[in-house]
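**Q** Generate a structure from the sequence data that follows.
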Amino acid sequence: MVQKDMKLWPFKAIPTADGDNFKKIVIVVTYKGEEKQFALEEISSMLLIKMKQILETYLGSEVKNVVVTIPAYFNDAQRQATKDAGVIAGLNVMRIINEPTAAAIAYCLDRQCTSNGATKNILVFDLGGGTFDVSLVAIKKGVFEVSGDTHLGGRDFDNRLLSHFIAEFERKHNKDISANRRAVGRLRPALDFSCSITRARFEKMNKELFQDCMLPVQMCLRDAKMEKSEIHDVVLVGGSTRIPKIQQLLQEVRDPHVFSLHNIPPAPQGVPQIDVWFNIDIDGILTVSAELVGTNNKNQITITNHSGRLSK
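**A** Predicted coordinates:
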C-alpha cells in the first residue's frame, strides 16, 4: 500500500542504516537546486515549530511547554519520535496524550457533560489527512476501546482524485505525467490543471474507502459490547469529516431509523406512495423530508454535523 502511494508523492522516501544497522526512513527533497535528506522527526519538528509560531503570535508571548496529541494507536517508538521532534523544535513536551482523549476533554469542557455524575458515552470519529481512528469514550470511566487504521485518511481521497486527474490530463493532452514527481506535485494543488468532478462521481470512486471508514465503528462498538442506542453523542475530529458522505453514514450510528411517518391509512401493498427528500446544505447539515403523496401527512428532521445530535 505504501509502495503504491509513493508513486504519487512529490518527494522520495528511502531507507537508511544507523550505526547499529537499524533501518530508518528518510525523506529526500530538492530545495533551491540542492538535494536534502530529513528524518521523520525533523519533518515533525518543522510542523511543531510552525505551530509554535502561530500560537506565539496569537498569545503575544513565548511558548515553551506543550502537550502534544497523537493517534491513539501510536506505538512506543512513534511516541518517542514525537517527543524527539518536540526537543528538536525547542519545546518542552510535558505530556503526550491520545487524540480521542483530547477531543473528549475539549468536548466536555465546552458542555460540562459530567456535572450531573452520569456516564456519557461518546463516539470520537477522527478522520484526518493521513490517519484515522475511532474511539468509544465513557466520560466517567475512561476509554473502552480504540479501533482504527494507521493509513486511511483524507490523503487517500486526494490520491483517488489525483489518479483521476492524471488520467484526465493524459486524455486531454496526450501526455503521461505520472512518473514526473514535480508535475504530480504541482497537479496536487491544481496549479497547472483544472477539471471539475461531481459529488456523485467522487462518492463512487471512493465507495470502498467510505465503507472502510465504517468498519472500525462497528468493531469499536462490538469490542465495547455496546449498542448504537447507547451512544449519546458523536464527536467529529479532522478535516475529512466535513465530507458529506461521511456525515451521512455516521447518522446511522446516532439514530439508524432517523424518523418515522405515522398515520398512514390501511391500503393494499404498493398503493401508498411516499416521497422522500435528502438535502445537505453547504455547512454539511442534512435535512430529511417525507410526505405521503396526495395528503398533508408529512414529516421533516434536520441533522446537524457538529456532534451528531438530532433536532426536529
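**Q** distance between the helix or strand containing Gln37 and the chain's centre?
**A** Gln37 belongs to strand 34-39 when assigned by DSSP states H and E. Here strand 34-39 is found 29 Å from its chain centre; the criterion is C-alpha atoms, centre = their mean, to the nearest Å.
**Q** which outside residues touch that strand?
**A** Thr16, Lys24, Val26, Ile27, Val28, Val29, Thr30 (C-beta atoms under 8 Å, 6 or more residues apart in numbering). Where you see a C-beta, it was placed from the backbone N, CA and C, and this is true even at glycine.
**Q** let's go with 10 Å and repeat that
**A** 11-12, 14, 16, 24-31, 42, 44-46, 81, 84-85, 88 (C-beta atoms under 10 Å, 6 or more residues apart in numbering).
**Q** Strands of the stretch 101-250 of the chain, residue ranges please.
**A** 121-127, 132-138, 142-149, 233-237 (DSSP state E, counting those that start in this stretch).
**Q** angle of the second one against strand 233-237?
**A** Think strand 132-138. Counting by axes from the mean of the first three to the mean of the last three C-alpha atoms, to 10 degrees, strand 132-138 lies at 150 degrees to strand 233-237.
**Q** So for strand 132-138, mean pLDDT?
**A** What strand 132-138 shows for mean pLDDT is 79.
**Q** Quick one: distance of that strand to the chain centre.
**A** With C-alpha atoms, centre = their mean as the basis, strand 132-138 stands 12 Å off its chain's centre.
**Q** Packing partners of that strand?
**A** strand 92-98, helix 99-111, strand 121-127, strand 142-149, helix 207-223, strand 233-237 (3 or more C-beta pairs under 10 Å, 6 or more residues apart in numbering; DSSP states H and E).
**Q** Would you point out the helix or strand in this structure whose mean pLDDT is lowest?
**A** strand 310-311 (a mean of 40; mean pLDDT, DSSP states H and E).
**Q** So, low pLDDT: which residues of the stretch 51-200 of the chain?
**A** Along the stretch 51-200 of the chain, the model assigns pLDDT under 70 to residues 108-118, 129-130, 140-156, 158, 177-194.
**Q** neighbours around Tyr58, how many?
**A** Close neighbours of Tyr58, defined as other C-beta atoms under 10 Å, add up to 9.
**Q** Tell me if Ala13 really is in a strand.
**A** Yes: with DSSP: H, G, I helix; E, B strand; the rest coil as the criterion, Ala13 is located in a strand.
**Q** For it, name its beta-bridge partners.
**A** Bridge pairing for Ala13 (DSSP bridges) gives the partners Ile27.
**Q** And the pLDDT at it?
**A** For Ala13, the predicted pLDDT is 83.
**Q** Out of the helices and strands packed on strand 132-138, which one sits most buried?
**A** Across those, the average number of neighbours (mean count of other C-beta atoms under 10 Å) peaks for strand 121-127, which reaches a mean of 25.
**Q** the domain parsing of this protein - what is it?
**A** 10-121, 154-254, 257-312 (automatic domain parsing).
**Q** so who does Val66 touch?
**A** Here Val66 is in contact with Leu48, Met51, Lys52, Leu55, Gly86, Ala89, Leu91, Asn92, Val93, Met94, Arg95 (C-beta under 10 Å, 6+ apart).
**Q** Out of the residues you listed, flag the one nearest to Asn297.
**A** Closest approach to Asn297 among the contacts of Val66 (C-beta to C-beta): Met51, at 54.0 Å.
**Q** and the closest one, how many neighbours does it have?
**A** Residues lying near Met51 (other C-beta under 10 Å) number 15.
**Q** Name the SS class of the closest residue to Glu62 other than its chain neighbours, please.
**A** Excluding the flanking residues, the one nearest Glu62 by C-beta to C-beta, 6 or more residues apart in numbering is Glu56, at 6.1 Å. Secondary structure for Glu56, judged by three-state DSSP, is helix.
**Q** Tell me how many other residues crowd Glu56.
**A** 12.
**Q** So it versus Val234, what's the distance?
**A** 34 Å (C-beta to C-beta, to the nearest Å).
**Q** If anything else comes up later, I'll come back, but that's it for now.
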